[in-house]
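Q: generate a structure from the sequence data that follows.
(one chain, ligands or ions: 2)
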Amino acid sequence: MPLLTRAPAGERRAAGGNLGPVTDFAIPQPLTSHGPARVVALCNQKGGVGKTTTSVNLAAALAEYGRRVLLVDFDPQGAASAGLGIASHDLVTTVYDLLMGSDVPTKDVILPTSYENLDVLPANIDLSAAEVQLVGEVARESALARALRPIEDDYDVVLIDCQPSLGLLTVNALVAAHGVVIPLASEYFAMRGVALLVDTIKKVQDRLNPRLTMDAIVPTMYDARTLHSQEVVERVREAFGDRVTDTMIHRTVKFPDATVAAEPILSFAPAHAGSESYRRLARELVARGAVA
Ligand SMILES: Nc1ncnc2c1ncn2[C@@H]1O[C@H](COP(=O)(O)OP(=O)(O)OP(=O)(O)O)[C@@H](O)[C@H]1O
Ligand SMILES: [Mg+2]
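A: Ligands and ions are numbered 1, 2, ... in the order given. Below you'll find the predicted structure:
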């Protein structure tokens, strides 16, 4: 049963009004056919910058717009699975088994969520062993790409929620992906480490996955009341220009509240400005061609 109810239009406009956007992005056209998916990795080796929150809520917003979405939980913490209400710690088969070349078909590991159009490929602590175990394997960087290939025609968008590292698992995500989206917290030291991340993306482009593009940098945890947040975003825009999305995700306690409730903010508080900002991000990424 779909739980991601759309708030009435008037309410949505009121909520969006707080965000101060001058322009808006068109509501995406309904899709008449589905697949093959564009695969997008959400990466930043810095911890706690909003990767999982962005993965879960972007997935939910795209599902609301009628896209068939698969969220790949690629962090042994299982936060993306939990964020969609899937308790993954007791699961017998997870993305880990697919990486390890198990005979289980990928579609049998994917779980439906309580949200229409939104499935999850779950992860749990088992995944923490994969990094070491993959090292000795042939084509160790393309284990995730191999696992996703059989189901890519079933979805319009596959989002990969990466763990905070630039290790072999993240390289696997970059090899499986068509595009990368970088959530960047609007706070001091946000830029620290971004050069290394961009360098890693370039190396993967050169050596393993020439189709990979850096689609967008999304300012998260933006606090309009502080000059500091504004200055950080200005610096990020100077450095990365158009790659930085017009949509910024503001800092609000509703996000941790939704995390505790194990729900996307889009179902936890559908009319909240935080929900509207992820809907807007979804529209912007569709307009940019980053997703279907
Ligand atoms: N815009 C926001 N405003 C306030 N809190 C937020 C916002 N976005 C995320 N949070 C909260 O900040 C914490 C970290 O966010 P999240 O888990 O999405 O980051 P992450 O980059 O995935 O972290 P990790 O690197 O550990 O995987 C969570 O408690 C989340 O609820
Ligand atoms: Mg996370």
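Q: okay, now the unreliable bits of the protein?
A: Along the chain, segments meeting pLDDT under 70 span 1-22.
Q: contact residues of it facing ligand 2?
A: The chain comes close to ligand 2 at residues 51-52, 79, as judged by Cβ under 5 Å from the ion. C-beta coordinates here come from the backbone N, C-alpha and C atoms, glycine included.
Q: am I right that V72 is in a strand?
A: Yes: counting by DSSP: H, G, I helix; E, B strand; the rest coil, V72 is part of a strand.
Q: so what sits opposite it in the bridge?
A: L121, I160 (DSSP bridges).
Q: gap between it and ligand 2?
A: Distance of V72 to ligand 2, given as Cβ to the ion, to the nearest Å: 12 Å.
Q: that residue: what's it in contact with?
A: 80, 95, 120-121, 144, 148, 158-161, 173 (Cβ atoms under 8 Å, 6 or more residues apart in numbering).
Q: list just the nearest of those residues to ligand 1.
A: D161 (6.8 Å; Cβ to the nearest ligand atom).
Q: tell me where the stretch 51-200 of the chain has helices.
A: Ranges of helices within the stretch 51-200 of the chain are 51-64, 79-83, 95-99, 106-109, 130-134, 143-148, 168-176, 194-207, based on DSSP state H, counting those that start in this stretch.
Q: what's the closest of those to ligand 1?
A: So among the helices of the stretch 51-200 of the chain, helix 51-64 is nearest, using Cβ to the nearest ligand atom, at 3.3 Å.
Q: how far is the closest one from where the chain is centred?
A: Mean-position distance between helix 51-64 and its chain equals 6 Å (Cα atoms, centre = their mean, to the nearest Å).
Q: that one vs ligand 1: in contact?
A: Yes: under the criterion of Cβ under 6 Å from any ligand atom, ligand 1 is reached by helix 51-64 at 51-53.
Q: which member of those is positioned nearest ligand 2?
A: T52 (3.3 Å; Cβ to the ion).
Q: residues near the closest one, how many?
A: 26 (other Cβ atoms under 10 Å).
Q: ok, K202 next?
A: Neighbour number of K202 under other Cβ under 10 Å is 12.
Q: what's the answer for A262, then?
A: Neighbourhood size, A262 [other Cβ under 10 Å]: 16.
Q: residues in contact with it?
A: 82-85.
Q: contacts only, for the spatially most central residue of the chain.
A: Central residue of the chain (Cα atoms, centre = their mean): S55, 2.6 Å from the mean position. Contact analysis of S55 by Cβ under 8 Å, 6+ apart lists 42, 71, 80, 83, 159-161.
Q: do Q77 as well
A: If you count contacts by Cβ under 8 Å, 6+ apart, Q77 has them with 125, 163.
Q: so what's the backbone phi/psi at it?
A: phi -70, psi -20 (degrees, to the nearest 10).
Q: from ligand 1, how far out is it?
A: With distances taken as Cβ to the nearest ligand atom, to the nearest Å, Q77 is found 6 Å from ligand 1.
Q: distance of that residue from G101?
A: Distance from Q77 to G101, counting by Cβ to Cβ, to the nearest Å: 23 Å.
Q: cool, and A173?
A: From A173 across to G101, the span is 18 Å (Cβ to Cβ).
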